[in-house]
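**Student:** coordinates only, no sequence provided:
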């Protein structure tokens, strides 16, 4: 299996199940995309063909699409993610599968109350559960096999810094066997994020 290094220097697989180009995902979470996201937030209808044509005069077709999609997805995400919606990076499928912020926070509180200090979020997706766990004070490792989701999840977790340091690694799920066994560590696996 080929590997690449994420910003944290960890080796990650090149699996991509989202359909978003990996380099476009890296660009999207970079400082270079920040002004474009801010400008796109002012668009009345980021999903309209006219808006897309106008944006393609300034960005590549892929960049224009992901920026405008982020704004449309963030607007849809408000009911599910509250004030996190305007900070996080999303995919359509990821938003559909994401845990509601209140539920993720409730789970994180329950883990803390049970004496858990460390969480391995296997199949972290966009990192919403990992964000809630990190916010609750847990040391978090998010594991994701999809490279694009790992890039987006790492960026999402970084919105919490310096409050809650966390990391996302991309590994095959059978690599998790050595992570459990400590009484203060929990393994969270959401089977809805598995593909057939």
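**Tutor:** Noted; the coordinates are in hand. Because the structure is predicted, anything quoted here is derived from the model rather than measured.

**Student:** from the contact counts, what lies against whichever strand or helix holds residue 106?
**Tutor:** Element membership of residue 106, judged by DSSP states H and E, is helix 101-113. Applying 3 or more C-beta pairs under 8 Å, 6 or more residues apart in numbering; DSSP states H and E, one finds that helix 101-113 contacts helix 128-135. For glycine as for every other residue, the C-beta is placed from the backbone atoms N, C-alpha and C.

**Student:** what is the mean pLDDT for the helix it packs on?
**Tutor:** Averaged over helix 128-135, pLDDT sits at 92.

**Student:** please compute how far that helix lies from its chain's middle.
**Tutor:** Helix 128-135 has its C-alpha centroid displaced from the chain centroid by 11 Å (C-alpha atoms, centre = their mean, to the nearest Å).

**Student:** now it and helix 101-113, what's the angle there?
**Tutor:** Calculated by axes from the mean of the first three to the mean of the last three C-alpha atoms, to 10 degrees, helix 128-135 forms an angle of 50 degrees with helix 101-113.

**Student:** strands paired with the following helix or strand past helix 128-135, and their directions?
**Tutor:** Reading on from helix 128-135 to the C-terminus, the next helix or strand found by DSSP H and E is strand 139-143. Sheet partners assigned to strand 139-143 using DSSP bridges are listed as strand 118-122 (parallel), strand 166-169 (parallel).

**Student:** give me the mean pLDDT for strand 139-143.
**Tutor:** Average pLDDT, strand 139-143: 85.
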